[in-house]
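**Q** Sequence and predicted structure below; questions after.
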Amino acid sequence: MNTAKVQVFPDKKTVNVSPNMYGIFYEDINHAGDGGLYAELVRNRSFMDACIPVGTWYYNGQIRTLQRWTHPFDINDPLPGWRIRLDGEDTLGTIRPDFTNPRNPKVPNYMHVVAQNNDCHPVTIINDGFWGMAVEPGTYHLRLIARSENIPFIGISLVTSSGYPLSFASIDGIHRNGYHWAEYTADLTVSSSASDCHLELTLYDPGELDLDYVSLMPDNAVEGIFNPHLYQMLKDLKPAFVRFPGGCIVEGMCLDNAWDFEPTLGAPEDRPGCWNLWNYRRTDGLGYHEFMLLCEKLGADAMYVVNCGMSCQNRNSQTSTPEQTDMFLQRAINAIEYAIAPVDTEWGAKRAAAGHPQPFPLKYLEIGNENYGPAYVERYHYFYTELKKRFPQLKYLATDRTGHDPAEIDIMDDQYYMAPEFFASMFTRYDNAPRDQYKIYVGEYACKTDVGIGNAVSAISDAIFLMGCENNGDVVEMTSYAPLLCHNKDRRWSVNLICFQDGKYFGIPTYHILKLFAQYRPNFMVESASQTDSFTGEAHVFCNAGFQDDKLIVKIVNFSQTTSVTTLDLGGYHVVQHFGLFHPDERAENSIEQPENVCIKENTDYTWLPPYSFTLLVCEKDA
């Protein structure tokens with residue numbers, strides 16, 4: 001057993017804490033968007049998923065860029081997510097991809113369906129969604145674009161994996177439009193919750209049908225876009241800002257694969273989507289406009305990350321020519337103008353035409369993602385100089401210190417993915433950082449080494465690091481955990497803040513820490529000190545303290561494998577609320593089955609600190 005003393009000096013103010021200290025970083029990894037935050041239930045709704053990425057060449061199961069970066073790629077199934085069922089021994093039917101007479105040449109693919117000799121035995125087209133469709137009571141809006149000269153009727157059903165129909169609707173009269181694309185809608189009403197469901201489109205008559213676009217959205221989608229459960233979990237974090245769209249997808253595996261905001265605008269059916277270097281294709285239903293709406297809805301500032309002419313440097317990077325660099329600069333200018341320009345400008349008018357005449361809350365622009373080296377220094381300087389002249393109100397972020405003029409950097413983006421003991425050592429990381437240069441944004445951090453999918457010890461390690469950031473609030477202005485979202489059936493990164501599957505959701509233990517940190521973010525810090533005595537010297541009790549209005553907020557972590565009995569000197573304040581995160585097994589995790597196995601609870605004795613535990617005290621001044 002260890003002993004510790006925590007002392008707080010409420011009258012000795014140190015630094016102010018930025019109101020922007022806690023935000024979120026979104027990247028489309030682990031199917032964070034399609035199948036996650038984006039409420040669309042249909043996978044491969046525009047039939048583009050099997051397209052190889054632009055800027056690559058395919059041979060023998062893999063794609064290759066000009067820079068000789070290779071990646072496995074499966075084209076054996078030309079219609080991922082779709083399958084056909086023939087009901088009856090003599091029923092004949094086929095589905096195949098086609099693109100010979102598209103509705104939109106920018107989204108050329110469609111599915112051609114042939115139903116033959118069905119003789120009252122239907123042909124059914126099935127979409128399984130993203131590892132099954134999870135539904136709950138409510139209405140689901142089907143929207144499809146189709147053409148046929150001889151199919152008069154389509155049955156629409158939501159069906160469980162056991163074959164039980166949850167809802168049925170129909171679309172009549174498709175053949176009346178002949179060989180012309182037309183839009184059709186239907187509503188499916190569901191009265192009970194179910195997971196692992198699928199969508200069925202059933203043809204009862206012989207004929208041919210082309211399907212260009214099939215969408216199924218729940219009526220409770222926030223703004224008709226966002227999964228309401230994941231949206232609420234993000235909202236509960238009280239984010240001051242949202243960084244988007246990445247991450248490595250900003251860079252792409254080659255410059256042709258880099259994020260481009262313009263194709264993500266407009267009607268969903270007219271967005272071609274893009275292969276994502278996390279090995280799946282995005283629909284871009286969550287496009288630039290939707291991200292800006294998300295920021296606005298959350299009451300958060302927007303941080304947009306732009307490509308400066310460099311693809312991912314961990315994937316045999318491609319560097320832009322001068323002409324390409326100018327193209328990427330113009331993309332950045334156009335995106336900024338779409339967000340904030342007046343409606344009488346070209347891009348402001350496009351924003352207004354999309355239903356949003358008011359400017360979006362764009363405040364930050366990050367130039368590049370995880371870029372470094374002489375090529376980055378050159379491009380950062382060029383982008384910063386040109387953009388600062390046009391948009392002096394924005395704050396500009398860099399991703400590497402080496403070689404830059406500090407005067408051209410408003411905020412530096414630092415990133416850390418390390419082990420628990422590393423984050424414990426990072427408590428004082430910014431104590432000696434220069435105060436006369438740029439601010440710091442810890443854009444990506446996570447305790448992720450040897451912690452499973454994120455466990456109790458990783459959460460308290462993350463807490464130690466954030467407490468150090470608060471102590472240095474005069475230089476550390478912003479932080480965001482990464483990655484943010486993960487579909488359990490497509491986990492590309494081991495540790496992610498929020499996980500989901502089959503219509504169920506949970507936050508890892510760090511999620512619960514961040515909710516508490518956001519709720520009790522101090523306005524300013526005061527001096528505090530801790531002293532720990534242990535036989536081996538392995539024990540460390542960390543603390544910090546600050547004021548939120550007239551409440552003194554004290555945070556304490558016992559980073560030790562044994563209990564620490566702690567003496568508190570709160571300098572004339574007493575505890576009125578106390579919260580903690582602890583589990584007898586520091587490697588305990590949360591899961592779909594146990595979503596709050598490790599979470600914040602009210603402490604029973606906040607002076608008796610269990611091994612690897614976090615404590616937060618809310619204090620008032622003594623009478």
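**A** In hand now; what should we look at?

**Q** so which helix or strand takes in Ala349?
**A** Using DSSP states H and E, Ala349 maps to helix 346-353.

**Q** Centre of the chain to the longest strand belonging to the chain, how far?
**A** Taking DSSP state E as the criterion, the chain has its longest strand at strand 2-16. Its chain's C-alpha centre and that of strand 2-16 lie 36 Å apart, by Cα atoms, centre = their mean, to the nearest Å.

**Q** does Leu66 really touch Gln318, like I thought?
**A** Yes - the criterion here is Cβ atoms under 8 Å, and Leu66 meets it with Gln318 at 6.9 Å. C-beta: built from backbone N, CA, C; applies to glycine.

**Q** So which of the two has more stuff around it?
**A** Just comparing Leu66 and Gln318: by other Cβ atoms under 10 Å the higher neighbour count belongs to Gln318, 24 against 13.

**Q** Spit out the contact partners of the more buried one.
**A** With contact taken as Cβ atoms under 8 Å, 6 or more residues apart in numbering, Gln318 is in contact with Thr65, Leu66, Gln67, Cys254, Leu255, Met310, Ser311.

**Q** Ser191: what's its closest spatial neighbour, skipping adjacent residues?
**A** Pro137 (5.6 Å; Cβ to Cβ, 6 or more residues apart in numbering).

**Q** mind listing the helices for this protein?
**A** 228-235, 248-251, 288-298, 322-340, 346-353, 374-390, 420-425, 456-471, 509-519 (DSSP state H).

**Q** possible to save these as a markdown table with mean neighbour count, mean pLDDT and distance to Cys447?
**A** Formatted as a markdown table, the helices of the chain follow (neighbours: other Cβ atoms under 10 Å; pLDDT from 0 to 100; distance: least, Cβ to Cβ, whole Å):
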| stretch | mean neighbour count | mean pLDDT | distance to Cys447 |
| --- | --- | --- | --- |
| helix 228-235 | 18 | 98 | 20 |
| helix 248-251 | 25 | 96 | 20 |
| helix 288-298 | 22 | 98 | 25 |
| helix 322-340 | 18 | 98 | 33 |
| helix 346-353 | 17 | 98 | 39 |
| helix 374-390 | 17 | 97 | 28 |
| helix 420-425 | 19 | 94 | 5 |
| helix 456-471 | 26 | 98 | 4 |
| helix 509-519 | 23 | 98 | 8 |
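
**Q** Of all those, which one comes closest to Asn496?
**A** Ranking the helices of the chain by proximity to Asn496 (Cβ to Cβ) places helix 509-519 first, at 9.7 Å.

**Q** send the alpha carbons of that closest one over as CSV?
**A** Extracted in CSV, the C-alpha atoms of helix 509-519 (Å, rounded to 0.1, in the frame of the first residue of the first chain):
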residue,chain,number,x,y,z
PRO,A,509,-13.6,3.8,-20.9
THR,A,510,-11.8,6.8,-22.3
TYR,A,511,-15.2,8.0,-23.7
HIS,A,512,-16.5,8.3,-20.2
ILE,A,513,-13.4,10.1,-19.1
LEU,A,514,-13.9,12.6,-21.9
LYS,A,515,-17.5,13.2,-21.1
LEU,A,516,-16.6,14.1,-17.6
PHE,A,517,-13.6,16.3,-18.6
ALA,A,518,-15.9,18.2,-21.0
GLN,A,519,-18.6,18.6,-18.3
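
**Q** helices or strands next to that helix in the packing?
**A** Judged by 3 or more Cβ pairs under 8 Å, 6 or more residues apart in numbering; DSSP states H and E, the packing partners of helix 509-519 are helix 456-471, strand 573-581, strand 600-602.

**Q** Distance to Ser494 added to those, as TSV?
**A** Converted to TSV, these look like this (distance: least, Cβ to Cβ, whole Å):
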stretch	distance to Ser494
helix 456-471	10
strand 573-581	20
strand 600-602	23
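
**Q** which one of the ones you listed lies closest to Thr185?
**A** Counting by Cβ to Cβ, Thr185 lies closest to strand 600-602 out of these; the figure is 44.1 Å.

**Q** For the closest one, which residues meet the burial criterion?
**A** By neighbour count on 16 or more other Cβ atoms under 10 Å, the buried set for strand 600-602 is Ile600.

**Q** Need the contact partners of that strand.
**A** The contact list for strand 600-602 (Cβ under 8 Å, 6+ apart) reads His512, Ile513, Lys515, Leu516, Gln577, His578, Phe579, Gly580, Leu581, Phe582.

**Q** from the residues you listed, which is closest to Thr264?
**A** The nearest member of these to Thr264, counting by Cβ to Cβ, is Lys515 at 30.1 Å.

**Q** Could you pull up the residues touching that closest one?
**A** With Cβ under 8 Å, 6+ apart, Lys515 has these contacts: Asp236, Leu237, Lys238, Gly507, Ile600.
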